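> task: produce atomic coordinates for the following.
(2 chains)
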There are 2 protein chains.
Amino acid sequence: MHRTKLTIAEDVLDANDTIARANREDFDRHAVRVVNLMSAPGAGKTSLLERSLGGLEGVRPGVLVGDVQGTLDAERLSALHIPVTQLNTDPGFGGECHLDANMVRSAIASVPLEEIDLLVVENVGNLVCPAEFRIGEDARAMVCSVTEGEDKPLKYPLMFRSCELVVINKVDLLAHLDFDLGKLLANLEAVNPAAETILASARSGEGTERLAGWLAGVGEREFAGAR
Amino acid sequence: MHRTKLTIAEDVLDANDTIARANREDFDRHAVRVVNLMSAPGAGKTSLLERSLGGLEGVRPGVLVGDVQGTLDAERLSALHIPVTQLNTDPGFGGECHLDANMVRSAIASVPLEEIDLLVVENVGNLVCPAEFRIGEDARAMVCSVTEGEDKPLKYPLMFRSCELVVINKVDLLAHLDFDLGKLLANLEAVNPAAETILASARSGEGTERLAGWLAGVGEREFAGAR
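Now for the predicted structure:
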């Protein structure tokens, strides 16, 4: 029984990788770089994008927003006057809690690839399944809020290990928390020593310029295993 | 294709409900009440249990802790000198991000049901899939942290709708956040007007006595649709 489950898992992930490569070809044809942005619910993905995507020099951004239901984040990002596409995962079973390559594929037709240089895919808020499915991205970034505690890299290692960038958000709250930043960084180092980190606050703006620079530079860097 | 997926989903949930009923019978045989406790990662489930489970009058609690990997939460709760059982979801595909009835069933043999009156099942940190799988519980409770923003009930309606109790945690941080508690409560009211709410802070202790009282009283209340 257990072996059957694992075989199905491998088949599902193989099929996903095939579709992810097709997405990748579409993105390459339009010279669009893609970042898969992940986090737990409420860590601040949308707020950080609101503060960062306005400041990309020479790079035209767009966002594909994944949510179980609703268009709240897409509406917020539309205020930036950039192309924003909503993708709701509600109808599919097993797909509700993450984006996979096929869901992104179904949405690509609605993304004006010829008008953008960078597509940020804001994944569903979840620290488990989104890490398992490549969508054709160049790079993966995640947001981890200091309010979530220091133990998250150890409890969700696949997510933290799969990202090139970890944005540590809400640092404006550090003075009001029993939170040991050194411990978080040590836990992150234990699961992903290669990860770049940015300390940020979407509220104060700290770190959002560095995030903008990182996003703008995605096309110029090569990430191990990103493709 | 879409219809096939939905049929599979129904089959999976039917099979889950059958096993949940078997769990329920085991719990009933030992007169153990069960609470399924859910939240996003880092919302404070374990911290709230640390503050609440010591104060249950006349009720012997135990905890079944679900995590993708590791035993961090189980170790913290063991300091309460109550039976704590760790359940890791890492080996299964599709099961990593939540507990289902079968996973709980596999762990029941390790839970000393004859020594407890209340079993709190601390689910995997995730606002999507845990809500879809009943595990044989009497009642469902969730923790929502004020740091996650006011929009969560609208973005994860199934989770908020499926719970009898919503603990709004980390209220000690309200003074430092741009957070409108009235808006969160209105959003909760929109998806689940029947939910009971407790304002709490695992840090200051606010609300943890009320939570203890709610947990102790689970056996005395009847919840609609809980079985």
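> need the pLDDT of the nearest residue to residue A:47 once chain neighbours are set aside.
Spatial nearest neighbour of residue A:47, chain neighbours left out: residue A:202 (3.6 Å); criterion: C-beta to C-beta, 6 or more residues apart in numbering or on different chains. The way it works is simple: take the backbone N, C-alpha and C, and place the C-beta from them, glycine included. Per-residue pLDDT puts residue A:202 at 97.
> what helix or strand is the residue positioned nearest the centre of chain A on?
Against the mean C-alpha coordinate of chain A, by C-alpha atoms, centre = their mean, the closest residue is residue A:37 at 0.9 Å. Element membership of residue A:37 [criterion: DSSP states H and E] is strand A:33-39.
> strand partners (parallel or antiparallel) of that strand?
strand A:118-122 (parallel), strand A:139-145 (parallel) (DSSP bridges).
> what's the weakest-modelled helix or strand in chain A?
Every helix and strand of chain A was ranked by mean pLDDT, DSSP states H and E. The lowest is helix A:2-29, at a mean of 83.
> show me what that one is packed against.
strand A:33-39, helix A:101-108 (3 or more C-beta pairs under 8 Å, 6 or more residues apart in numbering or on different chains; DSSP states H and E).
> lowest average pLDDT across the ones you listed?
helix A:101-108 (a mean of 95).
> which strand residues bridge the residue nearest to the centre of chain A?
Under the criterion used (DSSP bridges), residue A:37 bridges to residue A:122, residue A:141.
> got the contact list for it?
Residue A:37 makes contact with A:45, A:49, A:120, A:121, A:122, A:123, A:140, A:141, A:142, A:143, according to C-beta atoms under 8 Å, 6 or more residues apart in numbering or on different chains.
> and of those residues, the nearest to residue B:15?
Proximity of the contacts of residue A:37 to residue B:15 (C-beta to C-beta) peaks at residue A:123, which lies at 28.7 Å.
> so how far is chain B from that closest one?
12 Å (C-beta to the nearest C-beta, to the nearest Å).
> hmm, residue A:34 is touching residue A:26, no?
No: contact status for residue A:34 versus residue A:26: not in contact, 9.9 Å apart, counting by C-beta atoms under 8 Å.
> any shared contact partners between those two?
Joint contacts of residue A:34 and residue A:26 (C-beta under 8 Å, 6+ apart) are residue A:136.
> between these two, who's got more neighbours?
residue A:34 (25 against 17; other C-beta atoms under 10 Å in any protein chain shown).
> with adjacent residues omitted, what lies nearest to residue A:100?
That would be residue A:133: by C-beta to C-beta, 6+ apart, it lies 4.2 Å from residue A:100.
> which pLDDT value goes with the one you found?
On the pLDDT scale, residue A:133 gets 94.
> what residues are up against it?
A:13, A:16, A:20, A:98, A:99, A:100, A:101.
> so how many other residues sit close to the third one?
Residue crowding around residue A:20 was assessed by other C-beta under 10 Å; the count is 21.
> measure it to chain B for me?
18 Å.
> check contacts around that residue.
Residue A:20 neighbours (C-beta under 8 Å, 6+ apart): A:101, A:133, A:134, A:135, A:136.
> with secondary structure added, can I get those residues in CSV?
CSV is the format used below for those (DSSP: H, G, I helix; E, B strand; the rest coil):
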residue, secondary structure
A:101, helix
A:133, coil
A:134, coil
A:135, coil
A:136, coil
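> which one of the residues you listed sits in the busiest neighbourhood?
residue A:135 (27 neighbours).
> could you find the closest non-adjacent residue to that residue?
Using C-beta to C-beta, 6+ apart, the nearest residue to residue A:135 is residue A:104, at 4.4 Å.
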